[in-house]
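Asker: Fold the following for me, if possible:
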Amino acid sequence: MTSIVKFTPLSGAKNEGPCCYLLEVDQFKLLLDCGWTEQFDVDALHLLKNYAPHIDAVLLSHPDLAHLGALPYAFAKLGLDCPVYATTPVSLMGQMFLFDAWKARQLEEDFDLFTLDDIEAAFARVVDLKYQQNIMLLDRSTNAETGITIEANLAGHMIGGCLYRIWKDKSEQILYAVDYNHRRERHLAGSVLESLTRPYLLITDSQNAMYEQPKQKDTVRKMIDQIQSALRQDGDVLILTDTAGRVLELLQILEEVWKKGLSVYKLVFLTSCPHQVIEHARTNVEFMSKHIKDKMEERGGENPFDLRHVERISSMADLQRIPGRKVVLASQDGLSSGFGRELFIRWAGNEKNAVCFTNRPPPGTLGRTLVDVLWRVLDKGNVLDDLKLEHRQRIPLRGAELEAFLVEKRRLEQEEIERTEALALDELTLEDDTDATMFAPDDDEDDDLAASALARHDLMAPHITKAGEEFFKQAKAFDMYPCVDRRSRWDDYGEVIRPEDYMIEDPREAEARAAEAAAEAAASGDSVAKTPEEVPTKCVSREIRLQVRCRMWFSEFEGRADGKSVKNILKLVKPRNLIVVHGNTDSTKHLVDFCDSDPEMAEYMSKKLSPSVGERVDVTSERNIFQLKLTDSLVSSLKFSEVHGYSIAWVNGVIANPADDAGADGDDGAANATVATGDDVVAAMEEDTPDIGIPMLTAPAKKNLAGHSAVFIGDIRLSNLRSVLEQNGIKAHFSGGALICNDTVAVRKEDGKPFLSLEGNVCETYYAVRELLYDQFAIV
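Answerer: Below is the predicted model of the structure:
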């Protein structure tokens, strides 16, 4: 590959942390995903903080927090300022993931790492992609084409999920494929990764390299049996899932089951934005499987995501109003916050209830602890009597705290009123000054007007007119009570009209707004979800000891390729270089060892890398490629020749320290630059530190400029040369392996030698043939 390619994991390497990787192609910096932990740990972004202001583009592969959770924070706080590329569903569902996480945090703490405005601003930078659409990336400073092209391809796992092909030369492609799923599901088609063969570099994950999944039919059957058993024992079922990704597959499965005979029980989808999630799924059927599209045709255009048996609610208060036994799909499966955590705390103590985990949550969360350890203990009939949890919630203020809040609120409101009055008074003073200047601009009058404006009166103060003043200047307005009497403004057409003074509000619009406000208040549930203007609240935290008696089990609905499939796909793709990320140390080592142990893969795979977080690796194939910046004076002196679509020139220059750019750009730049020679040059160009500049190539002093022999660039066949000669009136034929021209000049191409020989008498034909031969090469 003729480009310099470097790769740095900023998160999610040799661990199961969120995906965030820096890919450098020459000087262009691509951020592959921008994930964050479910706990929103700012310390986890320390590497991203260093690189964010220099990122040129961001590619998002999936819509969950593990792939884009840090995007609004990076734009708002870390200096990220570049276009973001994602498919339409990833953009829409990603906003749902972030809104649900933000809402869950707001119900438990004063969360201020990012706001809803930050989410909106970040996704306003998204460029929507379709599958197999080629996009040329642009330089963010000059808006010029960089020559780097990206293409999104179907990855499965979540709606809109994609793997990216990145290339500067079509024959040398980089493939980024993490969290893909080769299996066809009810609402998603399988990944196309196995069809993208022989990439120059494959960046993939090892999360499931050592994991073997059960058959999907067995998983579904087990889940349905467990749900029916709990419901028939007069218990409720909590299914922990995500906000807008894998939950769509579960909704399709359960909708079919409820149609066949469980409609007596309630099926509930509980998240902060259930209606928006379903609506986005309904409007993005084009990104789903053929199975979904066939179902629409069978039903005469009816959308499979109409979900007639699913009740969509967004608060705990709404859930309490639903009678009878119920199955609840709740978001935030890591149980760090949100409805999933709240329901688990309420229902875990009842042995009739059941809790189903459908995904392995991120490490360090309560959900992951339960999946890895606790549910196995319960499976043996034990009870967890002492599960310590921190219970955080927002409660309304009462008593002295409420009174103190109201006093402070009234004080702030009074200050705001006084500030508004002062601004209005300043505006009135400015208007009076303007009027006085228009009619009689004398300094004494301005002084009187300013003095009267600064005074506050309860009654109209008499205005003492001066001798010689005209009558119309005597009418002055002063403050009476806290009120400002605005003067009418006039222009060439009369008094200026304010349209809002004459607008009549439509009663239906007022009623609609009132109904909408009431619906939002009802949807927000109890007082903890109301705004501080309605009921002031505070966040409290206390430690509770939870006795877990409910039944718990794990059903595999992650939607990722398992270890066996990952290995088979690697054999089909046959990458020339491999980088393994996003998996714990054991699974990462297992996948790399598998590639080393397979003789066929070891033959065509030259590099197998598994960098740690923060480790920068060079995956450039050509080892003698270095980057230099050319000064403007040097570029302007070059003479370019065209060959096969490329511009080629001979360069004489001096390598200089990048710190001396200013001096190096002059006519005699080499005299002012710090010249590096020998091994220091190579060391400077191989420097991996991102803060070090690229060495400069400056024009040498004219006295040191030496000539060079002409270099012929290109290759030509004698048969092609014969056609060129005949087109120019020179008869040519082959004889004894040579091309005979006009029976006087011979052109030979000797075996094993990279040049042509021209033989013959010095005549017009000789010079004509030589000139035509030279025209077939680029000469520098």
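
Asker: and the helix or strand hosting I239, C-alpha only, in CSV?
Answerer: Per DSSP states H and E: I239 is located in strand 237-240. Extracted C-alpha coordinates of strand 237-240, given in CSV (Å, rounded to 0.1, in the frame of the first residue of the first chain):
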residue,chain,number,x,y,z
VAL,A,237,-41.5,-11.0,33.9
LEU,A,238,-38.7,-8.4,33.4
ILE,A,239,-36.8,-8.8,30.1
LEU,A,240,-33.7,-6.6,30.2
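
Asker: what is the mean pLDDT for the next helix or strand after it?
Answerer: Per DSSP H and E, the first helix or strand lying C-terminal to strand 237-240 is helix 247-257. Mean pLDDT, computed over helix 247-257, is 93.

Asker: next one: stretch 218-231
Answerer: 92.

Asker: All the helices of the stretch 601-750 of the chain, in order from the start?
Answerer: Ranges of helices within the stretch 601-750 of the chain are 632-636, 661-664, 669-672, 679-685, 718-727, based on DSSP state H, counting those that start in this stretch.

Asker: hang on, isn't S633 packed against A699?
Answerer: Yes: S633 sits in contact with A699 when judged by C-beta atoms under 8 Å, with a separation of 5.3 Å. (Each C-beta comes from the backbone N, C-alpha and C, glycine too.)

Asker: The two: which is more packed in?
Answerer: Taking other C-beta atoms under 10 Å, S633 and A699 do not tie; A699 has more neighbours (26 against 15).

Asker: I'd guessed N284 sits against S91; true?
Answerer: No: N284 is not in contact with S91 according to C-beta under 8 Å; the separation is 10.3 Å.

Asker: Determine the residues that are contacts of both of those two.
Answerer: Between them, N284 and S91 share these contacting residues under C-beta atoms under 8 Å, 6 or more residues apart in numbering: G160.

Asker: In terms of neighbours, single out the busier of the two.
Answerer: S91 (21 against 18).

Asker: Compute the distance between that one and A317, please.
Answerer: Distance from S91 to A317, counting by C-beta to C-beta, to the nearest Å: 31 Å.

Asker: Same check on D118?
Answerer: In terms of C-beta to C-beta, D118 sits 28 Å off from A317.

Asker: So for those two, which residue has more residues nearby?
Answerer: Taking neighbours as other C-beta under 10 Å, D118 and A317 compare with D118 leading, 19 against 16.

Asker: Quick one: find the helix or strand in the protein with the lowest mean pLDDT.
Answerer: helix 669-672 (a mean of 38; mean pLDDT, DSSP states H and E).

Asker: any chance you could map the helices in the stretch 201-350 of the chain?
Answerer: Counting by DSSP H, counting those that start in this stretch, the helices of the stretch 201-350 of the chain are 216-232, 247-257, 274-282, 290-298, 316-320, 338-347.

Asker: quick one: which of those helices is nearest Y131?
Answerer: helix 290-298 (13.7 Å; C-beta to C-beta).

Asker: Tell me the buried residues in stretch 329-346?
Answerer: For stretch 329-346, the buried set under the neighbour-count rule, 16 or more other C-beta atoms under 10 Å, comprises 329-344.

Asker: swap that for stretch 738-752, please
Answerer: Here stretch 738-752 shows A738, L739, I740, C741, N742, V745, A746, V747, K749 as buried, counting by 16+ other C-beta under 10 Å.

Asker: which of the residues you listed lies closest to M552?
Answerer: Checking the buried residues of stretch 738-752 one by one against M552 (C-beta to C-beta), the nearest turns out to be K749, at 78.6 Å.
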